[in-house]
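sequence and predicted structure are below.
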Protein chains: 2
Amino acid sequence: MERNGPVSVSRPTIRRLPTYFPIVEQARHEGQDWISSAQIATALGLESIQVRKDLAAIGVAGQPRLGYPVTQLMQAVERCLGWNNVTDAFVIGAGHLGSALAGYRGFERHGLNVVALFDNDPEKTGTKVHGKDILAMSKFPDLVRRMRVRIAILTVPDEVAEKVARRAVEAGIQAIWNFTAAQLAVPGEVIVERMDLAASLAVLSSRLVAQRARLERSDA
Amino acid sequence: MERNGPVSVSRPTIRRLPTYFPIVEQARHEGQDWISSAQIATALGLESIQVRKDLAAIGVAGQPRLGYPVTQLMQAVERCLGWNNVTDAFVIGAGHLGSALAGYRGFERHGLNVVALFDNDPEKTGTKVHGKDILAMSKFPDLVRRMRVRIAILTVPDEVAEKVARRAVEAGIQAIWNFTAAQLAVPGEVIVERMDLAASLAVLSSRLVAQRARLERSDA
DNA sequence: TAGATTGTTAATCGATTAACAATC
DNA sequence: TAGATTGTTAATCGATTAACAATC
């Protein structure tokens, strides 16, 4: 009988889960059948209580004295993140970034399979990158329907992102992984996850500004 | 006389600031001298009170009835994020991802200037990408010192990330923008900001899993 | 049994949101 | 003045952390 499924796993927990996996995998590789929350926590610089909370949230039960069963733990992470059943995706925009993502081997283990790339540049269409076809954007809607692809990875220039996203949604795309700086306005049922370069750089920059201010203060 | 400087601007605020900028810029472009928190908020799907809190945090004062002065607002964002004085950076790893980042024009406006790329592949070294030299990794330490570069953008394969990061820190790098999946162990004074592909994909995937579960439930 | 580790319940912390007085 | 908008103070919410009982 199936577990009722997690009510809802919080976003911070979801974001930490992928980092747990290689730690536990490594432990299994070294012959461990059990792993403690403290062992995971120290490997990642976290508190063990946070690891225990996260594991409780995804429905993994530990055993006092022993810790958590590594195989079950890994399966729970895979189930929660959908790593067990691979989902197809199209990359839109076959520039450097799109090509990098199309060639990233880590995605396969993370349940994502890039099937093909799409681009409007006739110089690129018809060629391949990392063994994957670059197709004309005009073929996109038809292929989304025929292959029942749900995910689009958006790596087009910022200026056209909004328009391309609209076309993708019209073609039936249900989730967009947005690598552009554009704020996409899409219907409520469409999932948009933004890979926010500017936000990440902002955090880095502000920390550098603070660091520099600290140094100047200690100079004076 | 200089303002005392923000005590500390929270991370969520820092991450939102870059999205405010183009909205305000656009308003100025259209001739507005003042912009209200509500105007910014609706453009981004936020609450106006959150915008006011953020602006207060970076030291912008508004005027009842009028809103916030657009020029001052933009300057405050630029100051807080260090967009006014451009910082040089080296990209380590001249693959597709590194090349994409080296060619991203948005960085200039965000205070980041990619000076050169480094790679170990002799096929790549000596060539250029987006007008920027790809140099042998052996030249990295010397150039960091001579050019006083503080930021390294890490786009090497995951397996070598740890080792390369160590070399970068030894060479004097003070901040690493980490695009690899590796957890970097660096001295406390070195800033590491991770661009976490796996975390972002995890959020996307879990939302897809939830969406699918919803659909199946409504089927039954 | 003794002791290590989980898991529960409560406390703390930080950020968001609400209410409303202050202000131009 | 009247009214729109800021900015302050308090309430809420969610996540992290702490304390400790339960358990093997």
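Perfect, I can see it now.

from here on, contacts and neighbour counts on C-alpha atoms
Fine.

low-confidence ranges, chain A, go.
Low-confidence segments of chain A (pLDDT under 70): A:1-7, A:220.

so what's the spatially most central residue of it closest to, chain neighbours aside?
Of all residues in chain A, the one closest to the mean position by CA atoms, centre = their mean is residue A:110, 7.8 Å from it. Nearest-residue entry for residue A:110: residue A:83, 4.9 Å, with adjacent residues in sequence omitted and distances by CA to CA, 6 or more residues apart in numbering or on different chains.

residue numbers of chain A in contact with chain B?
For chain A, the residues in contact with chain B (CA under 8 Å from any CA of the partner chain) are A:11, A:14-18, A:44, A:80-82, A:95-97, A:99-101, A:110, A:175, A:177, A:183, A:191-195, A:197-209.

just the buried residues from the residues you listed, in ChimeraX please.
Here is the ChimeraX command that selects only those of the residues of chain A next to chain B that count as buried (16 or more other CA atoms under 10 Å in any protein chain shown):
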select /A:14,15,16,17,18,44,80,81,82,95,96,97,99,100,101,110,175,177,183,191,192,193,194,195,198,199,200,201,202,203,204,205,206,207,208,209
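
what about stretch A:48-68, start to end distance?
Distance between the two ends of stretch A:48-68: 12 Å, counting by CA to CA, to the nearest Å.

how about stretch A:149-165?
Counting by CA to CA, the length from the leading to the trailing residue of stretch A:149-165 is 15 Å.

now do the helices in chain A.
Taking DSSP state H to define them, one finds helices in chain A at A:11-29, A:37-44, A:48-57, A:70-81, A:96-103, A:106-109, A:140-147, A:158-170, A:197-219.

identify the bridge partners of residue A:128.
residue A:133 (DSSP bridges).

about what we covered before: can you tell me which of the helices of chain A is most buried?
Highest mean neighbour count of those: helix A:96-103, a mean of 22 (counted as mean count of other CA atoms under 10 Å in any protein chain shown).

got the angle for that helix vs helix B:96-103?
Relative orientation of helix A:96-103 and helix B:96-103, computed by axes from the mean of the first three to the mean of the last three CA atoms, to 10 degrees: 170 degrees.

what helices or strands is helix A:96-103 leaning on?
Helices and strands in packing contact with helix A:96-103 are listed as strand A:87-92, strand A:112-119, strand A:128-129, helix B:96-103; criterion 3 or more CA pairs under 8 Å, 6 or more residues apart in numbering or on different chains; DSSP states H and E.

in JSON lines: the ones you listed, plus distance to residue B:64.
Compiled in JSON lines, the helices and strands packed on helix A:96-103 are given as follows (distance: least, CA to CA, whole Å):
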{"stretch": "strand A:87-92", "distance to residue B:64": "45"}
{"stretch": "strand A:112-119", "distance to residue B:64": "49"}
{"stretch": "strand A:128-129", "distance to residue B:64": "56"}
{"stretch": "helix B:96-103", "distance to residue B:64": "42"}
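
out of these, which comes closest to residue A:25?
The minimum distance between residue A:25 and the helices and strands packed on helix A:96-103 falls on strand A:112-119, with 19.4 Å, by CA to CA.

touching the closest one from outside, list them.
With CA atoms under 8 Å, 6 or more residues apart in numbering or on different chains as the contact definition, strand A:112-119 has outside contacts at A:83, A:86-94, A:98, A:102, A:107, A:125, A:132-137, A:140.

weed out the non-buried ones from these.
So, of these, A:83, A:87-94, A:98, A:102, A:107, A:125, A:133-137, A:140 end up buried under the neighbour-count rule (16+ other CA under 10 Å).

what does chain A have sitting close to DNA strand C?
Remark: the part of chain A in contact with DNA strand C comprises A:35-38, A:48-49, A:52-53, A:55-56, A:60-68, using CA under 7 Å from any atom of the strand.

thanks a lot, catch you later.
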